[in-house]
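Trainee: Sequence first, then the predicted structure, then my questions.
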Amino acid sequence: MEENNMGQNGQDEDDKIHDVVPVSGMYENWFLDYASYVILERAVPAIEDGFKPVQRRILHAMKEMDDGRYNKVANIIGSTMQYHPHGDASISDAVVNLGQKDLLIDTQGNWGDVRTGDGAAAPRYIEARLSKFALDVIYNSQTTDWQLSYDGRKNEPVTFPVKFPLLLAQGVEGIAVGLSTKMLPHNFIELIEASIKHLKGKKFELYPDFLTGGKIDVSDYNDGHRGGKVRVRAKIEEFDNKTLVIKDIPYGTTTTGLIESIIKANDKGKIKIKKVIDNTAKDIEVLVSLATGQSPDITIDALYAFTDCEVSISPNACVIVDDKPVFTSVSEILKINTDQTVELLRQELEIKKKELQEKLLFSSLEKIFIENRIYRDIEECETWEAVLETIDKGLEPYKPQFYREIVQDDIIRLTEIKIKRISRFDSFKADELMRKLEEDLKETEYHLANIIEYSIAYFENLLKKYGAGKERKTEIANFDTIKATVVAANNAKLYVNRADGFIGYGLKKDEFVSDCSDIDDIIVFRKDGKCMVSRISEKVFMGKNIIHVGVFKKNDERMVYNLIYLDGKSGRTMAKRFNVLAVTRDKEYDLTKGDTKSKVLHFSANANGEAEVVTVYITASSSARKKIFDFDFSTLEIKGRSAGGNIVTKYPVRKVAFKSAGVSTLGGSDIWYDENVGRLNRDERGEYLGNFKAEDKIIVFFKDGNYELTSFELTNHYDYNSILSIQKFEPEGVYSAVHYEGDSKVNYIKRFKIETTTADKKFKFISESKGSKLIFITVAEDPEVEVTYKEKNKKLKETYKFKELIDVKGWRAMGNKFPVQNVQSAEIIAKEEPKVEEQNDIEALKQAVKDEVDQEDKEQLGLFGGGDGE
């Protein structure tokens, strides 16, 4: 018996072993179910109302609790858990997140600060209630689709009937399984204006706006599509020459994180600062004290390049449409939300129309029932059916005037009228009520027939009611591209071992070259006529016999290299001047004609295009009549690095010796000012300021009546919002200005010379009284100016020659009272250009002079042979 049992048990075990269930299909189905659940129920918002499920359930619970007073957040969390099948922590975080957006929830207590990263107090200490805006645009039980909650005990909304592009106003971020969503918040007022434009059939543009302020470059926003991006910057200003102040921070960062990134960049040597002080209270204020000798402008750029003062954000507009995730654009979402608002308003009007019709119908029935004393006819009726039949018969003559058939429920409702109401019935008041209902019905039908105009009026009312204080906080600007190598602080030292061919910051026993940063590229020239560029590191082999090493600046047209080399193939000595503008790292470039026997006889690197004079010594055994002669590099044109060069001599050269330094052969730098970014450039962007030589300066005139002299370094920052004029400084020029004196409220004119020479310091040259401002400034010698002014609420124009109005006075002088007052603007009248024939004569004369000079240059160059390859 035991053996049989054992045998049976063994058989059962074998059956269990062979009863294998494959998990591949189960995994596939389960994972798909899980992914769908996370996408639809956790991370991605619905396009109809812009809410994730947890947010929707919070707002539904708050509406059920709403009595106009504040509720403890702990109570809100408890009520929400009736609908949300997850822990209280996730609900608490979602409530705080909604509250910090300052749109749908009125808050009370310590809700934290998104700017500093401080968290909210515990839910039992903070309170909340729905805002008036939320009550206006979110809720309407008659147009809401309902579903059972997770446990089947209560009803909850599928989505709210939101009559506003709420998703774009609040923004959203969520990570699901296999996809994510990130929509940036947009400005409340701009959203309403865009909705109105869409309803009017006009085009619109939408750009993000953040509660944290700052600046944003939306050049690549791409309407919020996947693949787009925005760059967001902190607002940084010069507090003084030694201190910078950060007033706004980028979206998604906190003052704590920002300060940590600044300290980290300082520790790495990317920037050089003394300390950072966080004075943030009501407004953001982070003070950055600069190290001695550090430029504020360069440090601002370095903060943008190496810290969280600039961040890049990639939007990804993904929403749930018909229970599926869809990638779309910001404009498309606004159009859908606006069209949905129109449809919801139409539904509300239809409901209102139906209610008005029903009220009008019953009021008419009531009046007929009472005035025609139908209620007396039922006194003799003995059954309920007879009562209903008698009333119906009494209403029969009036039925054609009603918009629908009279049903039994209507008759039953008449029987419920109390005797007290019948006895006090006022026919006049009943007529007035019915007339008011008819007017309301006509108005409702008119709105339905003109639903677009009604919707536009709805949005305009929202703007009027809730738009105050919701102006744009983030300034839209174009950012220039900051080159990290230009603004990085020198945090390393460059050394070279010329003989062995090594460079790097780790060769501390070898020759010191210069300070540099650890992200610089280094250019090396060797005795064999090769050059190479490589990123600096601790120790890099660049080839033996190094003759020059320096920090490489890409596209630096003012760095000119002068070279004399022996061509190994022909035996000739060649000379060339060239730039190295762009290269491939770690690739050798041959500066000679490529023969292995070629070698460098003379080399110099000139940061401003200088051209030295050298002495060339021919070997004593050569047949040359002149064994020693001078060669001036200024006779050569500057060409590319691959040019062969010009022949110096065909005789063998013993040595080339430096004789004397030369001056730059380059003209000044052409400088433009781009007011969109407040920066100087050489790329012909913006207003042309002129050709600048080393000693030249820029003068900036500010709207508040200050002026400031600056260099023309491309790293300079200018606050384009406060600048009236920026131009090349004319030391002997006479400046003519029109300004407004704040105390006397009088316009003045003055002509003066700039007598100060201190750079990077502001000087006030008009009244310091409050409200004083500069209206116009020019350095034209004899300006003729058209002035626009107001007189008796009319705009008038007059032309004045400033030279006739006032003599030149000191720069601090107030000047003379201007002939007209209430000056709005002034514009210089351009001088007439020369006639075409005169212009042609001038150009012909210029060309003749140029040809003559070129001929003299050619004759001089003939002393030293021909051009490239001759």
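Mentor: Happy to help now that I have it.
Trainee: use CA for all of it now, contacts and neighbours both
Mentor: OK.
Trainee: Touching, Thr80 and Ala61? I think so.
Mentor: Yes. Using CA atoms under 8 Å, Thr80 makes contact with Ala61 at a distance of 5.4 Å.
Trainee: between these two, which one's more packed in?
Mentor: Taking other CA atoms under 10 Å, Thr80 and Ala61 do not tie; Thr80 has more neighbours (24 against 21).
Trainee: center of the chain - which residue?
Mentor: Nearest residue to the geometric centre of the chain (CA atoms, centre = their mean): Ile216, 1.5 Å.
Trainee: contacting residues for that one?
Mentor: Contact analysis of Ile216 by CA atoms under 8 Å, 6 or more residues apart in numbering lists Val230, Arg231, Val232, Arg233, Thr474, Glu475, Ile476, Ala477, Asn478.
Trainee: quick one: low-confidence parts of this protein?
Mentor: 1-42, 485, 831-870 (pLDDT under 70).
Trainee: what's the longest helix in it?
Mentor: helix 330-371 (DSSP state H).
Trainee: Return the list of helices and strands in contact with that helix.
Mentor: Counting contacts by 3 or more CA pairs under 8 Å, 6 or more residues apart in numbering; DSSP states H and E, helix 330-371 packs against helix 166-170, helix 188-199, helix 384-395, helix 408-415, helix 427-449, helix 451-466.
Trainee: Deepest in the core, which of the ones you listed is it.
Mentor: Ranked by mean neighbour count, the helices and strands packed on helix 330-371 are led by helix 166-170 with a mean of 24 (mean count of other CA atoms under 10 Å).
Trainee: Identify the residues contacting it?
Mentor: Contact with helix 166-170 is made by 47, 49-51, 101, 103, 183-188, 191, 330, 333-334, as judged by CA under 8 Å, 6+ apart.
Trainee: in what helix or strand does Gly667 lie?
Mentor: Per DSSP states H and E: Gly667 is located in neither a helix nor a strand.
Trainee: could you pull out the helices for the stretch 701-850 of the chain?
Mentor: For the stretch 701-850 of the chain, helices defined by DSSP state H, counting those that start in this stretch occupy the ranges 802-805, 836-861.
Trainee: Could you pull out the strands in the stretch 501-650 of the chain for me?
Mentor: 502-504, 511-516, 521-526, 530-535, 540-541, 546-552, 560-566, 573-578, 589-590, 599-606, 613-618, 628-632, 638-639, 646-649 (DSSP state E, counting those that start in this stretch).
Trainee: neighbouring strands for the fourth one, and are they parallel or not?
Mentor: Strand 530-535 has the following sheet partners, assigned by DSSP bridges: strand 521-526 (antiparallel), strand 589-590 (antiparallel).
Trainee: CA atoms only: put it into PDB for me.
Mentor: This file holds the C-alpha atoms of strand 530-535, laid out as PDB (Å, rounded to 0.1, in the frame of the first residue of the first chain):
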ATOM      1  CA  LYS A 530      55.100  71.600 -39.600                       C
ATOM      2  CA  CYS A 531      52.400  73.000 -37.300                       C
ATOM      3  CA  MET A 532      49.800  71.100 -35.200                       C
ATOM      4  CA  VAL A 533      47.000  72.000 -32.800                       C
ATOM      5  CA  SER A 534      46.000  69.800 -29.900                       C
ATOM      6  CA  ARG A 535      43.900  70.100 -26.700                       C
END
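Trainee: can you pull the contacts of Tyr589?
Mentor: Per CA under 8 Å, 6+ apart, neighbours of Tyr589: Lys530, Cys531, Met532.
Trainee: Return the member of these nearest to Phe160.
Mentor: For these, the residue nearest Phe160 by CA to CA is Met532; the value is 65.8 Å.
Trainee: Could you find the closest non-adjacent residue to that closest one?
Mentor: Spatially, and ignoring its direct neighbours in sequence, Met532 is nearest to Glu588 (4.9 Å; CA to CA, 6 or more residues apart in numbering).
Trainee: picking that back up, highest neighbour count among the contacts of Tyr589?
Mentor: Cys531 (23 neighbours).
Trainee: For Glu238, pull up the helix or strand it's in.
Mentor: Going by DSSP H and E, Glu238 is part of strand 235-240.
Trainee: Look up how far Pro315 lies from the residue nearest to Met532.
Mentor: Here Glu588 is placed at a distance of 42 Å from Pro315 (CA to CA, to the nearest Å).
Trainee: okay, these two: which has more neighbours?
Mentor: Pro315 (23 against 17).
Trainee: wouldn't the more buried one be in contact with Gly224 here?
Mentor: Yes. The criterion here is CA under 8 Å, and Pro315 meets it with Gly224 at 5.5 Å.
Trainee: got any residues that touch both of those two?
Mentor: Counting by CA under 8 Å, 6+ apart, the residues touching both Pro315 and Gly224 are Met183.
Trainee: if you skip the residues just before and after it, what's nearest to the residue nearest to the centre of the chain?
Mentor: Ile216 sits nearest to Val232 (CA to CA, 6+ apart), 4.4 Å away.
Trainee: can you count the residues close to that neighbour?
Mentor: For Val232, the count of nearby residues is 29 (other CA under 10 Å).
Trainee: try Thr299
Mentor: Other residues near Thr299 come to 22 when the count uses other CA under 10 Å.
Trainee: Tell me who's in contact with it.
Mentor: The contact partners of Thr299, by CA under 8 Å, 6+ apart, come to Ile271, Lys272, Val487.
Trainee: hmm, 10 Å instead?
Mentor: Counting by CA atoms under 10 Å, 6 or more residues apart in numbering, Thr299 touches Leu244, Lys270, Ile271, Lys272, Ile273, Val288, Leu290, Ala305, Val487, Ala488, Ala489, Thr715.
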